[in-house]
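Peer 1: Give me coordinates for this.
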Amino acid sequence: MAVPPLLACALFAIGKRFRNPRSQLYIALAVGLVMLLGDAGQAWSRIEQNRQRELASAGIRDAMTVLRRMAGGAEKPGALPDIDPTPRAHGAYGELERAVKTVAGQRLAQHKAYVKDLDDIGLPRLFDPGRLARDTGLVESRMILELAGRLLPTYRQRNQQALDEMPALIRALDIDDDARTRMLDGVAAQRQARLRDVNRAWDLETRILDEFGQMITLLDDNRPYWVARGGQLLFERDDDLARYRKHQARVDALVREQDQLGAQQLASLLPATLP
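Peer 2: The predicted structure is shown next:
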């Protein structure tokens with residue numbers, strides 16, 4: 001095609017976010033830990049403030065540090081250490097420490113699995129200009145989005161299952177009946193609110209993929225009027241560029257909402273200490 005001297009350039013920087021998608025997963029992780037820790041204060045207030053409490057608090061803080069690194073998204077998931085559920089403390093505090101670290105470790109493992117699945121299907125490279133230029137008819141692009149969409153119900157269900165399993169985890173703790181009852185009551189009281197948070201996060205993820213699909217459709221419908229050059233997508237027509245940027249802005253807004261939701265949950269846990 002004839003390329004005008006001046007072309008509008010559009011770089012899809014949002015693609016970087018999918019190299020380490022995290023929001024919807026640390027939301028799910030955080031809501032589980034909030035449920036576990038939320039009503040523990042009264043239950044544990046009668047326990048002697050001793051070395052075991054300090055050890056358990058330190059162990060939980062270390063687990064929370066890993067979650068902060070995950071939420072920050074600056075590191076590849078493989079660089080994050082696994083969370084060992086083995087407690088440092090003994091007795092009742094050790095039991096609570098083990099439970100919290102078990103939940104954290106499970107959700108971190110799920111985060112790593114989700115990122116790997118997205119990487120395996122090629123989502124981080126969806127808007128790579130070179131790949132788009134080679135994708136005749138953008139057939140590969142649509143397949144990537146279809147495969148990504150299939151992942152969402154699976155991981156949503158796993159998040160919901162984790163919340164459902166919380167009472168069983170608490171019942172298995174070797175703690176006194178009063179503490180167990182308080183924690184179970186807290187989980188029951190918070191369950192619906194936490195489930196809404198999890199579903200909201202995955203609804204946002206679904207909307208992000210939908211915006212990606214509309215961007216691919218825009219490129220497909222206007223294939224003669226854009227090129228990939230110098231690591232950029234260059235649009236011949238201003239209207240196409242404007243529409244593309246609108247989709248980018250919508251994705252930006254959805255990602256910010258996801259991050260805000262996850263940050264609120266994670267902030268409620270930090271710093272992690274025992275009463």
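Peer 1: Okay, strands next: where are they in the stretch 151-275 of the chain?
Peer 2: 226-229, 232-235 (DSSP state E, counting those that start in this stretch).
Peer 1: okay, the ones you listed, which one's buried deepest?
Peer 2: Among those, strand 232-235 has the highest mean neighbour count (mean count of other Cβ atoms under 10 Å), at a mean of 20. No exception for glycine: its C-beta is placed from N, CA and C like everyone else's.
Peer 1: Pairing partners for that strand, with directions?
Peer 2: Strand pairing for strand 232-235, determined by DSSP bridges: strand 8-10 (antiparallel), strand 226-229 (antiparallel).
Peer 1: Just give me the lowest mean pLDDT stretch among these.
Peer 2: Sorting the strands paired with strand 232-235 by mean pLDDT places strand 8-10 lowest, at a mean of 37.
Peer 1: who wins for proximity to residue 257 among the strands of the stretch 151-275 of the chain?
Peer 2: strand 232-235 (25.6 Å; Cβ to Cβ).
Peer 1: and the closest one, what's its mean pLDDT?
Peer 2: On average, strand 232-235 scores 93.
Peer 1: same check, this time on stretch 198-218
Peer 2: Averaging pLDDT residue by residue across stretch 198-218 gives 95.
Peer 1: Also stretch 138-152?
Peer 2: Rounded mean pLDDT across stretch 138-152 is 97.
Peer 1: So which bits of it are buried?
Peer 2: For stretch 138-152, the buried set under the neighbour-count rule, 16 or more other Cβ atoms under 10 Å, comprises 138, 140-141, 144-145, 148, 151-152.
Peer 1: Could you do stretch 216-228 as well?
Peer 2: By 16+ other Cβ under 10 Å, the buried positions in stretch 216-228 come out as 216, 218-219, 222, 226-228.
Peer 1: Can you pick out the most distant pair from the buried residues of stretch 138-152?
Peer 2: Farthest-apart pair in these is 138 and 152; separation 21.1 Å (Cβ to Cβ).
Peer 1: Measure how buried the residue nearest to residue 78 when sequence neighbours are not counted is and give me the count.
Peer 2: Of all residues not flanking residue 78 in the chain, residue 112 sits nearest, at 7.2 Å (Cβ to Cβ, 6 or more residues apart in numbering). By other Cβ atoms under 10 Å, the residues close to residue 112 number 17.
Peer 1: before we move on, what about the one 10 residues further on?
Peer 2: Here the count is done by other Cβ under 10 Å, and residue 122 has 17 residues near it.
Peer 1: What distance do you get for it to residue 76?
Peer 2: Residue 122 sits 16 Å away from residue 76, going by Cβ to Cβ, to the nearest Å.
Peer 1: and if you look at residue 165?
Peer 2: Between residue 165 and residue 76 the distance is 28 Å, computed by Cβ to Cβ.
Peer 1: Repeat that for residue 247.
Peer 2: Going from residue 247 to residue 76 by Cβ to Cβ gives 27 Å.
Peer 1: Below-threshold pLDDT in the stretch 51-200 of the chain: ranges please.
Peer 2: Applying pLDDT under 70 to the stretch 51-200 of the chain flags residues 72-75, 77.
Peer 1: In TSV, list the buried residues of stretch 216-228 along with distance to residue 194.
Peer 2: Compiled in TSV, these are given as follows (distance: Cβ to Cβ, whole Å):
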residue	distance to residue 194
216	34
218	37
219	39
222	43
226	44
227	47
228	43
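Peer 1: State the pair within those residues that is farthest apart.
Peer 2: Farthest apart among the buried residues of stretch 216-228 by Cβ to Cβ are 216 and 227. That separation is 16.2 Å.
Peer 1: With respect to residue 253, which of the buried residues of stretch 216-228 is nearest?
Peer 2: Residue 253 has its nearest neighbour among the buried residues of stretch 216-228 in residue 218, at 18.0 Å by Cβ to Cβ.
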